[in-house]
Structure formats: structure tokens, C-alpha cells
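Trainee: Only the shape, not the letters, is given here:
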């Protein structure tokens, strides 16, 4: 029977095994920390986009609540939009009814950043008939 050859180190072969084990564990921990950091940074960016989109829905809901969308007066809607919309955002609102279409707000939808969009349906009831209103919006950071 052959005897295992030892490297004749001060603490024997156990120190090398312990060092390799510690280095592998450190590498695993570093990989996990880097992966979690990447995931968290992406999540924060997605939360900012969600905040922008929710802000757009809130603004259109407020315009609907104050009956600005039912009147279809572009000047009134634009004045209320200037009051409700924060200076860091820009927004386009498009309101369509059975026989009328208006577009209010921003200049052009950008292609180089996140643009949130949504659609809200509402009904304007009158004494003789009902009008269905489709409100579409696009909102983005300036």
C-alpha cells in the first residue's frame, strides 16, 4: 500500500484546503452581491416609470372629476392641465367622442426616454342621449 505524499507544510494540507474553501465562499458572496445590486438598480428605474404612469392616470382622473373632459373645451382643459401637471413632466391628452376630437398639451412624443401611456373611458349623460368619451394620454419626464 502506498502512502499519500504530503507537501510537508507547517500546518499540513489542511491549510490549503481551508484557504481554497474560503476563496470559493468569498467568490460566491461577491457574485450574489453584484447580482442583487443589478436587480435593485433595475427595480428602482421601473418604479420611477410606474410613478410617471400613475401620475398620468391621476391627472386624467382629476380632469374627469372636475368635468373638464365632458365640456371638451380645449382652453379649459389646457388651463387645468397646467395647474395639475408638475413642471418636470410633459403630457399630451387626446379626447375623442362620437363626433369631436381634441388634442391638448405637449409638442411631440419623444423617442429617447420612457413614455407612459394610458386610456380611460367615460360617459357623458344628457337628457336625450349619452356620449362616450375616450381619453388617451402620453406622459414623460422633460
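Mentor: Received the coordinates, thanks. These numbers come from a predicted model, not from an experiment. Residues are numbered from 1 along each chain as shown.

Trainee: Quick one: list the elements packing against the longest helix seen in the chain.
Mentor: Determined from DSSP state H, the single longest helix within the chain is helix 14-65. If contacts are counted by 3 or more C-beta pairs under 8 Å, 6 or more residues apart in numbering; DSSP states H and E, helix 14-65 sits against helix 68-71, helix 74-84, strand 89-96, strand 115-125, strand 130-141. Every C-beta, even on glycine, is put in place using the N, C-alpha and C of the backbone.

Trainee: mean pLDDT for the ones you listed: which is lowest?
Mentor: Sorting the helices and strands packed on helix 14-65 by mean pLDDT places helix 68-71 lowest, at a mean of 81.

Trainee: Now find how far off-centre it is within its chain.
Mentor: Helix 68-71 sits 28 Å away from the centroid of its parent chain (C-alpha atoms, centre = their mean, to the nearest Å).

Trainee: what separates residue 51 from residue 142, distance-wise?
Mentor: 15 Å (C-beta to C-beta, to the nearest Å).

Trainee: Please find the angle between the direction vectors of the host helix or strand of residue 102 and strand 130-141.
Mentor: According to DSSP states H and E, residue 102 maps onto strand 101-105. Using axes from the mean of the first three to the mean of the last three C-alpha atoms, to 10 degrees, the inter-axis angle of strand 101-105 relative to strand 130-141 is 30 degrees.

Trainee: Of all residues in the chain, which one is nearest the centre?
Mentor: Taking C-alpha atoms, centre = their mean as the criterion, residue 49 is the residue nearest the geometric centre of the chain, at 1.9 Å.

Trainee: residue contacts, that one?
Mentor: Applying C-beta atoms under 8 Å, 6 or more residues apart in numbering, we find residue 49 in contact with 114, 116.
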